[in-house]
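Novice: return atomic coordinates for the entry below.
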Amino acid sequence: MIEPSNWSYYVKGQPVFTKPKRFILHKPESQEMTYILGSVCSDGVVLVADKKVTMGDGVAFDYQEKIYGDFHGVIFGAAGSVGIYELLRYQIQDLVQGSTSNPITKNNIIQRLSAILHGLYREYRNEGEYCRILVSLKEYGRYNKLILLNYNGIPRTITKYMQIGSGEPYGNLIMRKLWKRSMSMERVASLGYSAIKMIEKFELDNTVGVGRYKPTILYIPNNEDGDKEPGRNEWKTFKKNSDSFLENLNTVLRTSF
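Specialist: Model prediction:
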């Protein structure tokens, strides 16, 4: 466990921010080589994810989607073992296309996901294979739900926001300071976009990034059917806000040390 004496964050060996001792950094060997943000917003739920997938010894990597919608009205992303996540998706697809006597529905999707994840955890935990998933569940006529399923399948409803993956400690530098309950999906998406760009630019975690691509951002609006991506003008705003934030942060670092 990383435990600097004053619990500071370091950028290329230099202390930048200080956090209280109750805040524990992820172990470097953690399998959660990603950054996924889910947030309950004033107008729905938003999910934001990077695209970098690290393979083997950590040297080889690719860029892939990390947020999926295999069942209507349900969007989810995972942090952890890619293999476990793929097995989870295969089993979900089998359930959706299979049994008519006990079909998968929006009313039982969380219980079914929980049971699948728990079974995979029991089978593969000795090999160090596991994952957590963030699920956005559309609730027509009510506010949409955001639910975290832990490694062993235990669900927890998120009422504010949740970040999963090795990029979480760095994303917290932005989210803990700037997130507000009254924010729209677009405003929170901008925070998540900036968090991913910050992690990548300052090489805070080399398993998080988007390369020449854009982060994955999905809006799940309240009282509307389906999900949607940001429009062209919104992407321009995200980039503008991120560039300004990173320039200001870079100026602070150059003038402080």
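Novice: switch to C-alpha atoms for all contacts and neighbour counts from now on
Specialist: Fine.
Novice: now do the buried residues in the longest helix along the chain.
Specialist: Using DSSP state H, we find that the single longest helix of the chain is helix 232-256. Residues of helix 232-256 classed as buried by neighbour count (16 or more other C-alpha atoms under 10 Å): Trp235, Phe238, Lys239, Asn241, Ser242, Phe245, Leu246.
Novice: do the same with stretch 73-88
Specialist: 73-82, 84-85, 88.
Novice: among the residues you listed, which lie within strands?
Specialist: Val74, Ile75, Phe76, Gly77, Ala78, Ala79, Gly80 (DSSP state E).
Novice: with respect to Ile199, which of the residues you listed is nearest?
Specialist: Each of these was scored against Ile199 by C-alpha to C-alpha, and Ala79 proved nearest at 16.4 Å.
Novice: not counting residues beside it along the chain, what's closest to that closest one?
Specialist: Excluding its sequence neighbours, the residue lying closest to Ala79 (C-alpha to C-alpha, 6 or more residues apart in numbering) is Glu32, at 4.9 Å.
Novice: centroid residue for the protein?
Specialist: For the chain, the residue nearest the mean C-alpha position is Ile36 (1.1 Å; C-alpha atoms, centre = their mean).
Novice: per-residue confidence at that one?
Specialist: The score at Ile36 is 97. That number is its pLDDT.
Novice: who does the closest residue to it other than its chain neighbours form a beta bridge with?
Specialist: Closest residue in space to Ile36, ignoring its immediate chain neighbours: Ala49 at 4.4 Å, by C-alpha to C-alpha, 6+ apart. Ala49 has these beta-bridge partners by DSSP bridges: Ile36, Thr216.
Novice: check the offset of stretch 240-253 from the chain's centre.
Specialist: Its chain's C-alpha centre and that of stretch 240-253 lie 22 Å apart, by C-alpha atoms, centre = their mean, to the nearest Å.
Novice: ok, now stretch 219-234?
Specialist: Offset of stretch 219-234 from its chain centre (C-alpha atoms, centre = their mean): 18 Å.
Novice: repeat that for stretch 165-174.
Specialist: On the basis of C-alpha atoms, centre = their mean, stretch 165-174 sits 10 Å off its chain's mean C-alpha point.
Novice: ditto for stretch 167-176
Specialist: 11 Å.
Novice: report the buried residues of it.
Specialist: Using 16+ other C-alpha under 10 Å as the test for burial, stretch 167-176 gives Gly167, Glu168, Pro169, Tyr170, Gly171, Met175.
Novice: related to what we said a few turns ago, helix, strand or coil for the residue nearest to Ala79?
Specialist: Following DSSP: H, G, I helix; E, B strand; the rest coil, we place Glu32 in the coil state.
Novice: in three-state terms, label Arg156 for me.
Specialist: Classified using three-state DSSP, Arg156 is strand.
Novice: what is it paired to in the beta sheet?
Specialist: Leu148.
Novice: that one contacts Leu134, correct?
Specialist: No. Contact criterion C-alpha atoms under 8 Å: Arg156 and Leu134 do not qualify, at 9.7 Å.
Novice: between those two, which is the more surrounded one?
Specialist: Applying other C-alpha atoms under 10 Å to Arg156 and Leu134 shows that Leu134 carries more neighbours, namely 27 against 12.
Novice: gap between the more buried one and Tyr85?
Specialist: Distance, Leu134 to Tyr85, by C-alpha to C-alpha, to the nearest Å: 12 Å.
Novice: buried sites along whichever strand or helix holds Tyr121?
Specialist: Using DSSP states H and E, Tyr121 sits in helix 109-124. Under the neighbour-count criterion of 16+ other C-alpha under 10 Å, helix 109-124 has Ile109, Ile110, Arg112, Leu113, Ser114, Ile116, Leu117, His118, Leu120, Tyr121 buried.
Novice: what is the burial count for Lys160?
Specialist: The local packing of Lys160 (other C-alpha under 10 Å) involves 14 other residues.
Novice: how close does it sit to Gly44?
Specialist: Lys160 is 12 Å from Gly44, where distance means C-alpha to C-alpha.
Novice: tell me where the stretch 51-200 of the chain has strands.
Specialist: Per DSSP state E, counting those that start in this stretch, the stretch 51-200 of the chain carries strands over the ranges 52-55, 60-63, 67-71, 74-80, 131-137, 145-149, 155-158, 161-164.
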